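>>> predicted model and sequence follow; I will ask about them next.
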Amino acid sequence: MSNKKTIKNVLILLIAILVIGGVYWFSDQKGEEVQKKDLIASMTEFKALNRDLDPDSVDRYYEDFTKNKNFFLENLANPALAFQSLNKMALYKKLVADYWGAEEIWLYTADLEPNSYLVNGNLANIYHYSLPDYPKAETYYLKALGVEDIASGNHYTYFSDLYTLYKFQMDDQAKAIAILERGMSELPEDINIVLLTAKYYKDTDNTEQARYYYNEALKINPNSVVAKDGLKNL
């Protein structure tokens, strides 16, 4: 075979490869576009699945959801700008019991802001209480607690909810105690985490430890009725 014929065959083969590759690339791009459109359509759909809600509440949630949806759609090119609107859309979906829809939005938002304690905390909550998946709930609680500068109320709530998950749903007492100890270490002035620890030991009949933590709570707030009543009832 002559060199010219060999070169010609190689060129034909290369062109064929490029054409086929281009077809696959174009197909992938079209597929991604379709998936994105389907996802946006799903996220922006409002479905009231809680039949016990009164019509006025549903209408109010729908109106607020629509305002935030429109803001999100207007900023598709810069979805990070619509972060708060996305979070509100998910919350309204949760309020009307569309838990799968709320999960979908929060997972989308988590890709935008993976270190958001609000998004991670909301995902943890929904996997804990609404769409039970306890390993996922644990993962997202720990992600939320790993974020710096958590608002104080949220900070305690994540510790409390993760403690509840460990103690009751996962029946892992070692992790339950460990998360209480971590909570007291990170929130040394928060009486709630100390009282929760005291109650844990009271419920497990460890009177000595319960008394110790109720007294620790009184050091934070000498007027704590909960701590005083807890000591009386030991």
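Received, thanks. It should be emphasised that the depicted structure is a prediction, and the values quoted were computed from it without experimental measurement.

>>> what residues of whatever helix or strand P135 lives in count as buried?
P135 is part of helix 134-145 when elements are defined by DSSP states H and E. Judged by neighbour count using 16 or more other Cβ atoms under 10 Å, the buried positions of helix 134-145 are K136, A137, E138, Y140, Y141, K143, A144, L145. Backbone N, C-alpha and C define where each C-beta goes, glycine included.

>>> C-terminal to that helix, what's the next element?
helix 152-164.

>>> before we move on, back to that, show residues contacting the helix holding P135.
Outside helix 134-145, the residues within contact range by Cβ atoms under 8 Å, 6 or more residues apart in numbering are 117, 120-121, 123-125, 127-128, 150, 154-155, 158-159, 161-162, 165-166, 169-170.

>>> quick one, that helix and helix 152-164 angle?
Comparing the axes of helix 134-145 and helix 152-164 via axes from the mean of the first three to the mean of the last three Cα atoms, to 10 degrees yields an angle of 150 degrees.

>>> which non-adjacent residue is nearest the one residue sitting closest to the centre of the chain?
With distances taken as Cα atoms, centre = their mean, the residue of the chain nearest its centroid is L123 (2.0 Å). Distances taken as Cβ to Cβ, 6 or more residues apart in numbering place Y140 nearest to L123, at 4.3 Å, with adjacent residues excluded.

>>> now do the helices in this protein.
With DSSP state H applied, the chain shows helices at 3-43, 55-74, 83-95, 99-112, 117-125, 134-145, 152-164, 173-186, 191-203, 207-220, 225-232, listed in chain order.

>>> so of those helices, which one's packed in deepest?
By mean neighbour count, with neighbours taken as mean count of other Cβ atoms under 10 Å, helix 117-125 ranks first of those at a mean of 23.
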